[in-house]
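> could you work out the structure for the sequence below:
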Amino acid sequence: MSYDIIGKMGRVTADITPGHLGEVMVEVRAGTERFLARASDPETTIRKYAQVLVVGSLGGRTVEVEPTDTVRLPR
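Just a heads-up that it's a prediction; the model follows:
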């Protein structure tokens, strides 16, 4: 990707389930873009409309995400 998407917040637009990719909308540049997404925890299901944090890029237009209710900030 030509821009850094890691650390951006997004919204799930198609459920992310174990073993399957979902979809997220992420604010980048001057708008929003769609990305395929998988959960950073392979056993996690993240439902449509959940807010997520992009924690990794898997190449192309695929990202790794975590639901924001599980994100732990360092002290």
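> list phi and psi for Thr44.
phi -90, psi 140 (degrees, to the nearest 10).
> which parts of the longest strand anywhere in the chain are buried?
Using DSSP state E to define each element, the chain has its longest strand at strand 31-39. Of all the residues in strand 31-39, those buried under the rule 16 or more other Cβ atoms under 10 Å are Phe35, Ala37, Arg38, Ala39. Quick note: C-beta positions are derived from backbone N, CA and C, even for glycine.
> following that strand, which helix or strand shows up next?
Using DSSP states H and E, the next helix or strand after strand 31-39 towards the C-terminus is strand 51-57.
> chain center to that following strand: distance?
Distance of strand 51-57 from the chain centroid (Cα atoms, centre = their mean, to the nearest Å) equals 4 Å.
> list the helices and strands it packs on?
Secondary-structure packing of strand 51-57 (3 or more Cβ pairs under 8 Å, 6 or more residues apart in numbering; DSSP states H and E): strand 9-14, strand 22-28, strand 62-67.
> what mean pLDDT does it have?
Here strand 51-57 scores 94 as its mean pLDDT.
> quick check: angle from it to strand 22-28?
90 degrees (axes from the mean of the first three to the mean of the last three Cα atoms, to 10 degrees).
> kindly export strand 51-57 (C-alpha atoms) in PDB.
In PDB, the C-alpha atoms belonging to strand 51-57 read as follows (Å, rounded to 0.1, in the frame of the first residue of the first chain):
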ATOM      1  CA  GLN A  51     -15.500  -0.800  15.300                       C
ATOM      2  CA  VAL A  52     -12.000  -2.200  14.700                       C
ATOM      3  CA  LEU A  53      -8.400  -1.100  14.800                       C
ATOM      4  CA  VAL A  54      -6.100  -2.100  11.900                       C
ATOM      5  CA  VAL A  55      -3.100  -3.900  13.500                       C
ATOM      6  CA  GLY A  56      -1.500  -5.300  10.400                       C
ATOM      7  CA  SER A  57      -1.300  -5.300   6.600                       C
END
